[in-house]
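Trainee: What would the 3D arrangement of this be:
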Amino acid sequence: MANRTTLRGHRFGIAAAALLIGLSSLLAGCDVIAGNRPKLVLEIRSQQGEGVAYDPESVTARARTLIAVSFVNVSTLDHNLVFLDPLAVGTEEIVGPGESAGLEFVTPGPGQYGFVCTIHEGMRGSLLVR
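Mentor: I've put the predicted structure just below:
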């Protein structure tokens, strides 16, 4: 009987260790642990007036970091901000002149990821993830 108890305890220990390793790997891959608050807040604005450009056109963030993006429309035109695949996130609505919208997401691995205004062809920018 002593061998069975030891064997069961050993199996439990292996399962517990596997669970802890999996959990620590999950947390290590994400810079966000306490409170799920963004590690970085980025502000992207539209160009003033009737221009169709983002300001800045390029922003930078660390890999696997929760970021908050604030899109502020200082233009006289409607705009939106949509990150292309593989991110596939964006403002849920059209952002009118003088309005703003926000979104949060975890950045993927290193690379360059585009964002666009789906209303105005050619209005684009990029997120550089390091």
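Trainee: mind listing what Ser70 touches?
Mentor: Neighbour list for Ser70: 41-44, 100-102 [criterion: Cβ atoms under 8 Å, 6 or more residues apart in numbering]. Any C-beta I mention is one placed from the backbone N, CA and C, and that applies to glycine too.
Trainee: What's opposite it in the beta bridge?
Mentor: Note on Ser70: beta-bridge partners by DSSP bridges are Glu43, Gly102.
Trainee: What pLDDT does the model give it?
Mentor: For Ser70, the pLDDT comes out at 97.
Trainee: Same check on Glu104?
Mentor: 95.
Trainee: can I assume it is in contact with Ala61?
Mentor: No - contact criterion Cβ atoms under 8 Å: Glu104 and Ala61 do not qualify, at 12.0 Å.
Trainee: between the two, which one's more packed in?
Mentor: Neighbour totals were compared for Glu104 and Ala61, and Ala61 leads with 19 against 13 (other Cβ atoms under 10 Å).
Trainee: mind listing what that one touches?
Mentor: By Cβ under 8 Å, 6+ apart, the contact set of Ala61 is 40, 42, 67, 107, 127-130.
Trainee: Chain neighbours aside, what residue packs nearest to Val95?
Mentor: Leaving aside its chain neighbours, Val95 sits nearest to Asn73 (4.5 Å; criterion: Cβ to Cβ, 6 or more residues apart in numbering).
Trainee: residues in contact with that neighbour?
Mentor: Contacts for Asn73 were tallied using Cβ under 8 Å, 6+ apart; they are 45-46, 79, 95-100.
Trainee: Report the buried members of those.
Mentor: 45-46, 79, 95 (16 or more other Cβ atoms under 10 Å).
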